[in-house]
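*Asks:* dropping a prediction and its sequence here:
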Amino acid sequence: MKKKNVAVVMGGYSSEYEISLNSGAVVFEELDRAKYNVFAVHILKEGWYYVAPKGDKHAVSKDDFSFKDGSTTVKPDVIFNTVHGTPGEDGFLQAYWNLLEIPQTSTGFYQAALSFNKRDCLSVLKQFNIHCANSYYINQGNEIPSEEIVKKVGLPCFVKPNRAGSSFGVSKVKELDMLIPSIEKAFAEDHEVIIETALVGVEVSVGVYKTNNTINALPVTEIVTENDFFDYEAKYLGQSEEITPARISEEETKLVQEEAKRIYKLLNMSGVTRAEFIIQKGKPFFLEINTTPGLSKESIVPKQIREAGMTLTEFFGMLVEEAEVN
């Protein structure tokens, strides 16, 4: 049987590009070479390149996403998308690959764009009675009505860039005089900002994926941090503990998994996603959903995959095969 050419695409144009390179490196390493010819492709602001095993770079053609490997021209049969942030998590690359008719492992372009925009995603899900925090939205250049904001969301509250990941630009605001500086910090990442009530409870994260038209939830991870919240340092510099399975009741575990699967279905997702919740007074409150979650070996989803009794090689291969039928 002819091996499929799989391009593992990593990088991106946002502050998360180095994290994406780590995810991509793990996928590149773990994919089964008996089934696939695997190619590392970096999509960065300075250019799109296939990076050969010895490190030399070959430009990727934007006409058909092909590239040279020695004297051979390679056109991928499947894209394994590990780009965090723009342009791989917000729908741009998904739409491009869709036009080229190249299957890819993450969700579709519309679903990616919708879920990447926290404001729009929450607005849709609230119509289906998904529990979410109270929120206030503001665009760069608009007046910032501090007292009106606090009246709506209260203190403490979270200030977040509307379209960014890995907690870049996020602040927890406890005093009114910190609100405007925190909003300005968030505007450094995005010209749209969302301000939300700070929920109190257990923070959990759960991966969801689809295979053979069945939506499945992975084991739940509990996030405990010594910091004020699960910020960049907590996520990537060891200032948190991620406990899988979460130390919550069986009932709460099932509740979170079912809510994550329901959101996946409501948003018509494909590929693997990771949904974040705060369990407050026994109810899971939805925070956000990531459609290209971190896949480095210490990231949350790989830990959940191993807890579920699968290897990364099995799981990543399943995503490649599933991409062909989406």
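*Replies:* Arrived safely. Numbers count the residues shown, from 1 in each chain.
*Asks:* how about the helices in the stretch 1-150 of the chain?
*Replies:* 17-30, 92-100, 109-116, 118-126, 146-153 (DSSP state H, counting those that start in this stretch).
*Asks:* how about those helices in JSON lines, adding mean pLDDT, mean neighbour count and distance to Lys303?
*Replies:* For glycine as for every other residue, the C-beta is placed from the backbone atoms N, C-alpha and C. Shown next, in JSON lines, are the helices of the stretch 1-150 of the chain (pLDDT from 0 to 100; neighbours: other Cβ atoms under 10 Å; distance: least, Cβ to Cβ, whole Å):
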{"stretch": "helix 17-30", "mean pLDDT": "96", "mean neighbour count": "21", "distance to Lys303": "12"}
{"stretch": "helix 92-100", "mean pLDDT": "97", "mean neighbour count": "18", "distance to Lys303": "26"}
{"stretch": "helix 109-116", "mean pLDDT": "96", "mean neighbour count": "22", "distance to Lys303": "22"}
{"stretch": "helix 118-126", "mean pLDDT": "94", "mean neighbour count": "18", "distance to Lys303": "24"}
{"stretch": "helix 146-153", "mean pLDDT": "93", "mean neighbour count": "15", "distance to Lys303": "32"}
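*Asks:* so which of the ones you listed is nearest Pro245?
*Replies:* For Pro245, the closest of these is helix 17-30, at 21.8 Å, according to Cβ to Cβ.
*Asks:* who does that closest one touch, helix- and strand-wise?
*Replies:* Applying 3 or more Cβ pairs under 8 Å, 6 or more residues apart in numbering; DSSP states H and E, one finds that helix 17-30 contacts strand 4-11, strand 36-44, helix 312-323.
*Asks:* so of those, which one's packed in deepest?
*Replies:* Scoring the helices and strands packed on helix 17-30 by mean neighbour count under mean count of other Cβ atoms under 10 Å gives strand 4-11 as the most buried, with a mean of 25.
*Asks:* neighbouring contacts of that strand?
*Replies:* With Cβ atoms under 8 Å, 6 or more residues apart in numbering as the test, strand 4-11 has contacts from 17, 20-21, 23-25, 27-28, 31, 35-44, 50, 65, 74-83, 88, 93, 320.
*Asks:* return the list of strands paired to it, each annotated with direction.
*Replies:* Using DSSP bridges, the strands paired with strand 4-11 are strand 36-44 (parallel), strand 78-81 (parallel).
*Asks:* who does the closest residue in space to Val153 that isn't next to it in sequence bridge with?
*Replies:* Of all residues not flanking Val153 in the chain, Thr197 sits nearest, at 4.6 Å (Cβ to Cβ, 6 or more residues apart in numbering). For Thr197, the beta-bridge partners are Cys157 (DSSP bridges).
*Asks:* ok so, going back, let's have the helices of the stretch 1-150 of the chain in TSV, adding distance to Thr221.
*Replies:* Formatted as TSV, the helices of the stretch 1-150 of the chain follow (distance: least, Cβ to Cβ, whole Å):
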stretch	distance to Thr221
helix 17-30	17
helix 92-100	26
helix 109-116	19
helix 118-126	21
helix 146-153	27
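*Asks:* out of those, flag the one nearest Lys3.
*Replies:* Between the helices of the stretch 1-150 of the chain, helix 17-30 lies closest to Lys3; by Cβ to Cβ that is 15.2 Å.
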